[in-house]
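[1] What would the 3D arrangement of this be:
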Amino acid sequence: MNRDTHTTFRGRSGRTFAGVAAALLALAIGAQSFTTVFADQPFPTAQWSQFKGDATHQGTTTLNAPQNPGVLWTSGQGAAIVSGPVIATDGTVIVATDNGRIRAIRPDGQERWTREISGVSFFTHPFINQRGLVVFGGSDGSVRAFKTDTGEEVWKFPTNEDLSKVTTYSTGSAAARGAPVSSKTYGRTLVAFDGGAVFEINEDGAYQGVRMAEDSVRASPMITPNTLIVWASTNKKVYSGSSSGGDRWVATLDAPINSGPVAGPDSTVYVCTDAGSLYAIEPDKGVIKWRVGVSGGPIKSTPSMGADGVLYIGADDGKLYAVDTKSGGTIKWSYSTGAPVTSSPLISANGLIYFGSNDSNLYVLNLNGQLVKAIKTDKGIDQSSPAIGSDGTVYIGSKDGRLYAIKQDGPVVTPTSVAPPAPVATPVPPTPTPLPNPSDPVAEKPGSTFFKETGHNVQGAFLIFFNKYGGLEQFGFPRTEEINEDGKLVQYFQRARFEYFPQFQGTPYEVQLQLLGDVLTVPRRPFPTSQPVENGPAIRYFPEVQHTVRDVFLNYFNEKGSLERFGYPISEEMQETNNDGTGRTYNVQYFQRARLEHHPELAGSPYEIQLGLLGDQVLRDRGLLK
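    Residues are numbered from 1 along each chain as shown. Okay, here's the model as predicted:
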């Protein structure tokens, strides 16, 4: 059956891809041709066949993982391991390194074979297909399949030249990015590309169809239990299609998407964004069921879902979050590591969560968020995610170039909620000032702007951001100096918390605002939503979050920075007693980064709409501000 070769896409004129399909099909025919852990694996005897274990990306296993884990062996050749592993039927573990090399390691840690492909600088996460071949997408736009026992290349899907004919909506490259995915019930392999195409190929490397996004698809597509195909793009959109061909729906979220979608048991689609949000999307029509702010920064890790409906989400703020989907996105707990968590978790049958962090540790937690053990590697664990063999051995790769095999190491240990000492980070400007109480006044510092009203300095990148984006009116006075919290450099102001991201130095994202509106309303959400209305001068409906902004709040929102400054609305207007000590009740509305307050006694003045003192509220709730 032809797949999506005549598709009309929402929001743009229809385009026919039949010519492209025919060209690709001809090339595929010309290419080389050669005549359990999960029940729904495409190759059912493989021990761990694909990213997250199966096509739903739930990341769970029916096996018990080591309860007191230790390193059984390591195997390395120097180049960082950034994808994999997968585990073949005979226990061979296969990974890819960032220099375009594919490695196969025996269960005893001995090298089985290595392949280096000329012209390929990186490979996607591997995948073991219906024929038992290990499949990779490459930076050169190719998809290649190899025998797991010898490393012999069996076929190559030549998409690089033809991808440019299809990706007419993107200026991205033709590199394959998302981990290939498939299932027994679907039968084809989906491979996502930077240019916006998601190609469908069969087990012999033959072209079967193409699905499109309007920008880069960086994460692995997903197949729900009812065989809905879902993929997400950096243009903030989540796409879906029928397994028999054709589009189903498109949902627009609040930020670019670099995290893979996950399916719940009822096929609800869960997606995280670079704004730190988690969305639940109804699978039949793409209606957003709810949204919750999880972290104050991007989420690139693909979440995993436990049997109890809790999603475990790694974030760039260095935390692993446990979010209860059955209660509409309540955050149950978070666990702090020393660096961004971009590795996706593994959840074992005996209630353990394995995940890596860029602080160089493989963490093992129990389902209450308590540390069971942390295993140190020599460099960070980035996009490599844990895999588990049929004997319970857990495998993960590190940027130190080693594959780690983890087994039981002595008696079971008692969990603790205390994290191991984090590695000392290389200091980055601005330099934090240690304080007994961070809100205590300090002396003026040379080279900074000193605010005598609160006795604090603002300097460096934080001062540049403060002056550029509204100063006292938007942020209020500084309440602390620069301090380290959860491994991150931050500074509190009356209305905001600034966060410093050294990895984005020199870009507009070097300093970001924490989503204090989200943080402070977690116990009260989800708030009631609004029905869609027609937008006008006095009202705007946000379908991404199903909320409206009206009248004086909308005027202020538009004049003072809109989405970039405040984020999306997370409530409708409501009445709330202010915490300013007056006991007055005001109309307020919460946004991801702010609370707008209407002061009618000041109508007609610049102070009719004021920003809530959310920074003060956070510090006061923690006992750090009187």
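[2] low pLDDT regions in the stretch 451-600 of the chain?
    The stretch 451-600 of the chain contains residues with pLDDT under 70 at 579-582.
[3] Which parts of it are strands?
    Applying DSSP state E, counting those that start in this stretch to the stretch 451-600 of the chain gives strands spanning 456-458, 483-485, 488-492, 497-500, 511-513, 539-542, 547-550, 574-577, 585-590, 595-598.
[4] now swap in the stretch 301-450 of the chain and tell me
    In order along the chain, the stretch 301-450 of the chain carries the following strands (DSSP E, counting those that start in this stretch): 304-305, 310-314, 319-324, 330-336, 346-347, 352-356, 361-366, 371-376, 387-388, 394-397, 402-408, 449-451.
[5] Which stretch among those approaches residue 202 most closely?
    Between residue 202 and these, the tightest spacing by C-beta to C-beta is seen for strand 387-388, at 24.7 Å. Just so you know, the C-beta spots here come from the backbone N, C-alpha and C atoms, and that holds for glycine as well.
[6] Dump the strands of the stretch 451-600 of the chain to JSON lines, plus mean neighbour count and distance to residue 134.
    Shown next, in JSON lines, are these (neighbours: other C-beta atoms under 10 Å; distance: least, C-beta to C-beta, whole Å):
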{"stretch": "strand 456-458", "mean neighbour count": "26", "distance to residue 134": "53"}
{"stretch": "strand 483-485", "mean neighbour count": "16", "distance to residue 134": "43"}
{"stretch": "strand 488-492", "mean neighbour count": "25", "distance to residue 134": "38"}
{"stretch": "strand 497-500", "mean neighbour count": "23", "distance to residue 134": "40"}
{"stretch": "strand 511-513", "mean neighbour count": "23", "distance to residue 134": "39"}
{"stretch": "strand 539-542", "mean neighbour count": "17", "distance to residue 134": "44"}
{"stretch": "strand 547-550", "mean neighbour count": "22", "distance to residue 134": "46"}
{"stretch": "strand 574-577", "mean neighbour count": "12", "distance to residue 134": "55"}
{"stretch": "strand 585-590", "mean neighbour count": "20", "distance to residue 134": "48"}
{"stretch": "strand 595-598", "mean neighbour count": "22", "distance to residue 134": "52"}
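[7] Looking at those strands, which is nearest to residue 69?
    The closest of the strands of the stretch 451-600 of the chain to residue 69 is strand 488-492. By C-beta to C-beta, the value is 27.7 Å.
[8] Hmm, residue 549 and residue 539 touching each other?
    Yes - checked against C-beta atoms under 8 Å, the pair residue 539 and residue 549 is within contact range at 7.4 Å.
[9] circling back to that earlier point, need the strands of the stretch 451-600 of the chain in TSV (columns: distance to residue 314).
    What follows is the strands of the stretch 451-600 of the chain, written out as TSV (distance: least, C-beta to C-beta, whole Å):
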stretch	distance to residue 314
strand 456-458	31
strand 483-485	18
strand 488-492	15
strand 497-500	17
strand 511-513	18
strand 539-542	27
strand 547-550	27
strand 574-577	33
strand 585-590	26
strand 595-598	28
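[10] For residue 224, see how far away residue 56 is.
    To residue 224, residue 56 is 7 Å away according to C-beta to C-beta, to the nearest Å.
[11] which residues do those two both contact?
    Jointly contacting residue 56 and residue 224 under the rule C-beta atoms under 8 Å, 6 or more residues apart in numbering are residue 263.
[12] Outline the domain layout of this structure.
    By the assignment in automatic domain parsing, the chain contains the domains 6-384+396-408, 522-621.
[13] lowest-confidence stretch among these?
    Among those, domain 6-384+396-408 carries the lowest mean pLDDT, a mean of 84.
[14] returning to what we had before: quick one, which of the strands of the stretch 451-600 of the chain is nearest to residue 340?
    strand 488-492 (9.9 Å).
[15] what about the strands of the stretch 451-600 of the chain, which gets the closest to residue 387?
    Residue 387 sits nearest to strand 488-492 of all the strands of the stretch 451-600 of the chain, at 29.8 Å, using C-beta to C-beta.
[16] Between the strands of the stretch 451-600 of the chain, which one is closest to residue 364.
    Nearest of those (C-beta to C-beta): strand 488-492, 23.3 Å.
[17] now the angle from the closest one to strand 319-324?
    Angle, strand 488-492 to strand 319-324, by axes from the mean of the first three to the mean of the last three C-alpha atoms, to 10 degrees: 70 degrees.
[18] Tell me the spacing between residue 217 and residue 99.
    24 Å.
[19] now swap in residue 76 and tell me
    Distance of residue 76 to residue 99, computed by C-beta to C-beta: 13 Å.
[20] Compare those two (neighbour count), which wins?
    Between residue 76 and residue 99, residue 76 has the larger neighbour count (other C-beta atoms under 10 Å), namely 19 against 14.
[21] quick one, what contacts the closest residue to that one other than its chain neighbours?
    Closest residue in space to residue 76, ignoring its immediate chain neighbours: residue 402 at 3.4 Å, by C-beta to C-beta, 6 or more residues apart in numbering. Residues counted as contacts of residue 402 (C-beta under 8 Å, 6+ apart) are 74-76, 81, 377-378.
[22] quick one: which of those is most hemmed in?
    For the contacts of residue 402, neighbours were counted using other C-beta under 10 Å, and residue 81 has the most, 29 neighbours in all.
[23] so it touches residue 97, yeah?
    Yes - counting by C-beta under 8 Å, residue 97 is a contact partner of residue 81 at 5.6 Å.
[24] shared neighbours of the two, anything?
    Listed as contacting both residue 81 and residue 97 by C-beta under 8 Å, 6+ apart are residue 401.
[25] re earlier: to residue 47, which of the strands of the stretch 451-600 of the chain lies closest?
    The nearest among the strands of the stretch 451-600 of the chain, by C-beta to C-beta, is strand 488-492 at 37.7 Å.
[26] Okay, helices next: where are they in this protein?
    Secondary structure of the chain (DSSP state H): helices at 18-30, 160-166, 460-468, 471-475, 516-520, 551-559, 562-566, 614-621.
[27] Contacts for the last one next, please.
    In other words, helix 614-621. Applying C-beta under 8 Å, 6+ apart, the contact partners of helix 614-621 are 439, 475-476, 479-480, 492-497, 516-517, 519-520, 579, 594-595, 625-626.
[28] Just the buried subset of the residues you listed, written out for PyMOL, thanks.
    Of the contacts of helix 614-621, the buried ones can be selected in PyMOL as follows, counting by 16 or more other C-beta atoms under 10 Å:
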select buried, resi 439+475+476+479+480+492+493+494+495+496+497+516+517+519+520+594+595+625
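[29] dump the residue contacts of residue 94.
    84-88, 102-105, 126, 134, 148.
[30] Out of those, which sit inside strands?
    The strands, defined by DSSP state E, take in 84-87, 102-105, 134 from those.
[31] okay, those residues in a markdown table with distance to residue 573 next?
    Output for those, formatted as a markdown table (distance: C-beta to C-beta, whole Å):
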| residue | distance to residue 573 |
| --- | --- |
| 84 | 50 |
| 85 | 51 |
| 86 | 51 |
| 87 | 54 |
| 102 | 57 |
| 103 | 58 |
| 104 | 60 |
| 105 | 59 |
| 134 | 55 |
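[32] Which one of those residues is nearest to residue 228?
    residue 86 (24.1 Å).
[33] Roughly how far does residue 297 sit from residue 318?
    Using C-beta to C-beta, we find residue 297 at a distance of 9 Å from residue 318.
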